[in-house]
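> What follows is a predicted structure for the sequence shown.
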Amino acid sequence: MSRIYFDNAATTALDPVVLETMMPFLTEKFGNPSSIYSYGRETKMAIESARKTVAKLLNANPGEIFFTSGGTESTNTAITAAVRDLGCKHIITSPLEHHATLHTVEHMAHFGLATLSYVKLTDRGHIDIKHLEELLAGSKERSLVTLMHANNEIGNLLEIKAVGELCEKYDAIFHSDTVQTVGHYPFDLKKLHVHFLNGAGHKFHGPKGVGILYVSENITIKPYLNGGAQERNMRAGTENLYGIVGFAKALEIASERYEQDSAYINGLKSYMAKQLQERFPGIVFNGDTNGSSLYTVLNVSFPMTERSDMLLFNLDMAGICVSGGSACTSGANSVSHVIKAIHNGNAADMVPIRFSFSRHNTKEEVDVVLEKLKELV
């Protein structure tokens, strides 16, 4: 049975060209970048070359790009540094954030390191910008605003430029979790007022276990991991050499292909949304599906019935890979915190399914999934 993979927001297939670029560093170019002899120097050069590539593609300075193990580490580093090093004693976030953000800010609040405010949502699940400004204006302490650029479950996009301008106005630190958008949209970091931003290679056909943290040159922070001088004294530990090389190559390919891939993937999403609407009258799309939304993600709730209750499981049995929400919590068979938040907690009678697409998917696959859904629901 051939599998259909519609869970690209969780992870993507490694591009063969990326693997080819990584191979020499998995085999003969194995030197430790911290060593001073030739083996070490060539791997150190490969890392710095990757850093320059990433910085150029995001229109940042190479000195603002730090390689990490992925989005979760980057988020933890940014939030910790904002509270510990930049004097942020008030954190503003939303109930829709990834658990890497929510659990970290809850940890800060639990230990009395910062107070916590949640910005209200609009009826379509967007951040209420007016309420965000009220929270910033009313804060007696310096604030950290941590809001994701695109929601990993429903795909809603943040007005990142507008939020950055508000943060500038109220002298707040701004961290945006951009894991779902780096590699999927062009970025110009010189034009965005953002202090921290993160990316993960495996979301755009790069390797797992490698990410970036952008740290604006306008701030100075201390390391999150101690014990070595790697990453310009900012992250201890031997660098994930082949991961870093792969990350830069994947980002390069994603940037080159942006126009064609985004148009193609958006076409698949629109086609599937239209077909679902026509064939399943009781469904509800979660988030701002036809508005300001990530072109790779389509989240739809089927009404809860005896047949739809086991929908995810039955699709899996049919060789169709989709998720009920975030891949990080896919073991749990309950409605996610994001779906609950956008439906004011009234989501018990829903079976939400997230379809997320990549350039490897086809219209034929969408048709197969639609037929299978008809059979199962």
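Alright, I've got the coordinates. Small disclaimer: the values here were computed from a predicted structure and weren't measured. Residues are numbered from 1 along each chain as shown.
> Apart from its neighbours in sequence, what residue is nearest the most centrally placed residue in the chain?
Nearest to the mean C-alpha position of the chain, counting by C-alpha atoms, centre = their mean, stands residue 179 at 2.3 Å. Using C-beta to C-beta, 6 or more residues apart in numbering and skipping residues adjacent in sequence, the residue nearest residue 179 is residue 71, 3.9 Å away. For the C-beta atoms, the positions are set from N, CA and C on the backbone; glycine is no exception.
> Over to residue 96?
The shortest distance from residue 96 to any residue other than its chain neighbours is 5.1 Å, reached at residue 338 (C-beta to C-beta, 6+ apart).
> shouldn't the one you found be in contact with residue 156?
No: here residue 338 lies out of contact with residue 156, judged by C-beta atoms under 8 Å, at a distance of 9.4 Å.
> what touches both of the two?
A shared contact of residue 338 and residue 156, defined by C-beta atoms under 8 Å, 6 or more residues apart in numbering, is any residue touching both; here these are residue 96.
> Low-confidence ranges, the stretch 151-300 of the chain, go.
Low-confidence segments of the stretch 151-300 of the chain, defined by pLDDT under 70, are absent.
> can you pull out the helices in it?
With DSSP state H, counting those that start in this stretch as the criterion, the stretch 151-300 of the chain has helices at 160-169, 230-233, 241-279.
> Can you add mean neighbour count and distance to residue 121 and give the ones you listed back as a markdown table?
Supplementary listing: these in a markdown table, determined by neighbours: other C-beta atoms under 10 Å; distance: least, C-beta to C-beta, whole Å:
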| stretch | mean neighbour count | distance to residue 121 |
| --- | --- | --- |
| helix 160-169 | 18 | 14 |
| helix 230-233 | 15 | 36 |
| helix 241-279 | 19 | 22 |
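> Which among these is found nearest to residue 343?
For those, the distance to residue 343 is smallest for helix 241-279, at 18.3 Å, taking C-beta to C-beta.
> which secondary structure elements does the closest one contact?
Taking 3 or more C-beta pairs under 8 Å, 6 or more residues apart in numbering; DSSP states H and E as contact, the helices and strands that helix 241-279 lies on are helix 16-26, helix 38-58, strand 65-68, strand 297-303, helix 363-376.
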